[in-house]
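> Got a predicted model here, sequence first, then my questions.
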Amino acid sequence: MGKIRLLLLVCILSLYFQPITADTPTLYVLNHSVEDIVGSWAYDVQNVDPQYAKGILHIEKEKGKYVLNIQGAEGTMIPTEELSVDGNEVKFVVYVEGDRVSVTLNFDGDSFSGDGSSSSGPFTLSGKRIPEPK
């Protein structure tokens with residue numbers, strides 16, 4: 001009886017660890033979806049004043065729509081406007097000290113990169129997901 005159980009276990013494990021090919025149906029999607037942008041993201045911005053160089057993006061989905069708020073160095077939350085999400089690309093506008101700043105981000109897994117522009121000129125930014133506390 002023990003040999004049969006062992007043989008059955010070996011068969012199950014060998015089926016479980018089969019390589020995935022184009023013809024093999026998959027149970028898990030390995031690519032990140034746009035839903036994966038929900039969460040908190042630490043960012044760094046180049047070519048801006050030091051008080052705007054670091055912060056946190058907070059992205060939520062409320063009633064089927066995305067909401068993005070920016071937490072600045074002093075901890076204040078700044079809402080964004082004209083937010084659009086298209087695939088892995090996120091665009092928004094934020095007003096900083098009355099200046100209109102437009103930003104485009106491209107998400108790739110747990111990181112993003114992007115660029116923006118304001119009356120002070122163009123800038124680049126990058127960031128990484130902040131892991132959820134367990």
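Arrived safely. Please read these numbers as outputs of a predicted model, since none were measured by experiment. Numbering: from 1, shown residues only.
> alpha carbons only for contacts and neighbour counts from here, please
Will do.
> Point out where the protein drops to low pLDDT.
1-35 (pLDDT under 70).
> need the helices for it, in chain order.
2-16 (DSSP state H).
> Nearest spatial neighbour of the residue nearest to the spatial centre of it, chain-adjacent residues omitted?
The chain has I37 as the residue nearest its centroid, 3.5 Å off, counting by CA atoms, centre = their mean. What sits nearest to I37 in space, not counting adjacent residues and going by CA to CA, 6 or more residues apart in numbering, is I59, at 6.8 Å.
> and that neighbour, bridged to which residues?
G39, L68 (DSSP bridges).
> which ones are touching it?
37-40, 66-69 (CA atoms under 8 Å, 6 or more residues apart in numbering).
> Tell me how far it lies from D44.
16 Å (CA to CA, to the nearest Å).
> What of M77?
17 Å.
> and if you look at K63?
Counting by CA to CA - K63 and D44 are separated by 30 Å.
> who has more neighbours, those two?
Per other CA atoms under 10 Å, whichever of K63 and D44 has more neighbours is D44, with 16 against 7.
> For that one, which non-adjacent residue is spatially closest?
K54 (4.8 Å).
> is it true that that neighbour touches V45?
Yes - between K54 and V45 there is a contact at 6.3 Å, judged by CA atoms under 8 Å.
> mind checking how far E81 is from L57?
14 Å.
> go on, V67?
10 Å.
> Excluding chain neighbours, give the residue nearest to L83 in space.
Looking at L83 with CA to CA, 6+ apart, the closest residue is F92, at 4.3 Å.
> Tell me the bridge partners for the one you found.
Under the criterion DSSP bridges, F92 forms beta bridges with V103.
> Quick one: residues contacting it.
80-84, 102-104.
> which among the residues you listed end up buried?
For these, a burial check counting by 16 or more other CA atoms under 10 Å picks out 80, 83, 102-104.
> What is the nearest of the residues you listed to S113?
Comparing these against S113 with CA to CA places T104 closest, at 8.5 Å.
> so what's the closest one closest to, chain neighbours aside?
Computed as CA to CA, 6+ apart, the closest residue to T104 that is not its neighbour in sequence is K91, at 4.4 Å.
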